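*Asks:* sequence and predicted structure, then a few things I'm wondering about:
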Amino acid sequence: MTTQKLRLAVIVGSTRAGRFGPVVADWFVDRARRHDGFEIDVVDLAEVDLPPTLTAFGAPQPAAVDALAPRLAAADAFVVVTPEYNHSYPASIKTAIDWYRDEWHAKPVGFVSYGGVSGGLRAVEHLRPVFAEVHATTVRDTVSFHGCWDRFDETGAPVEPQGCDNAAKTVLDQLGWWGRALREARQRVPYVA
């Protein structure tokens, strides 16, 4: 059995001014670093600045798209940190998914969501079929923060850490299992979409 660490890309999905996403993402990244077996790459969509307009098929891709591609390709697994906007996820996440293809294939995706009364769970449920279309597999369990603004203290720590720490461990355990299984499968037989 291989002990090589999995490369986990944590995608911070919100690009909105004044966003709460980095607070949630920082907490989750800390939990992922404590969890054995992951190397973490934080992909903040507000920093990578992907163009909102896709190029025509066969046309050269913009530099920002080319720059992010190897980071996504290197990942064995993904976590998407998403808010909920109008019962769904932000356009920045859909843009990031649509710019790429092979980078998502045969890899697991987990979710950390946040928002108001639904805690971002409707955004997660909308993302599942989108990731299925790009041949990724989503793990069942999620981390969700309902009324997120009241769930973290001024230092960025959850006010009730046990439940969310347990949820993070569950998601990371599932990503670890799927990440290792799918990495081994891709190494044995290249994935064909």
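*Replies:* Now that the structure is in, tell me what you want to look at.
*Asks:* quick one: the helices in the chain, in order.
*Replies:* Using DSSP state H, the helices of the chain run over 21-34, 45-48, 63-74, 91-98, 121-133, 161-188.
*Asks:* of the ones you listed, which is nearest residue 12?
*Replies:* helix 21-34 (4.5 Å; C-beta to C-beta). Where you see a C-beta, it was placed from the backbone N, CA and C, and this is true even at glycine.
*Asks:* tell me what the closest one is packed against?
*Replies:* Judged by 3 or more C-beta pairs under 8 Å, 6 or more residues apart in numbering; DSSP states H and E, the packing partners of helix 21-34 are strand 6-12, strand 38-44, strand 77-83, strand 108-115, helix 161-188.
*Asks:* and the helices of the chain as JSON lines, adding mean neighbour count and distance to residue 13?
*Replies:* Shown next, in JSON lines, are those (neighbours: other C-beta atoms under 10 Å; distance: least, C-beta to C-beta, whole Å):
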{"stretch": "helix 21-34", "mean neighbour count": "20", "distance to residue 13": "7"}
{"stretch": "helix 45-48", "mean neighbour count": "16", "distance to residue 13": "6"}
{"stretch": "helix 63-74", "mean neighbour count": "14", "distance to residue 13": "14"}
{"stretch": "helix 91-98", "mean neighbour count": "18", "distance to residue 13": "4"}
{"stretch": "helix 121-133", "mean neighbour count": "17", "distance to residue 13": "9"}
{"stretch": "helix 161-188", "mean neighbour count": "17", "distance to residue 13": "16"}
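*Asks:* for those helices, could you give me a markdown table that also reports distance to residue 152?
*Replies:* Below are the helices of the chain laid out as a markdown table (distance: least, C-beta to C-beta, whole Å):
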| stretch | distance to residue 152 |
| --- | --- |
| helix 21-34 | 6 |
| helix 45-48 | 19 |
| helix 63-74 | 27 |
| helix 91-98 | 21 |
| helix 121-133 | 18 |
| helix 161-188 | 10 |
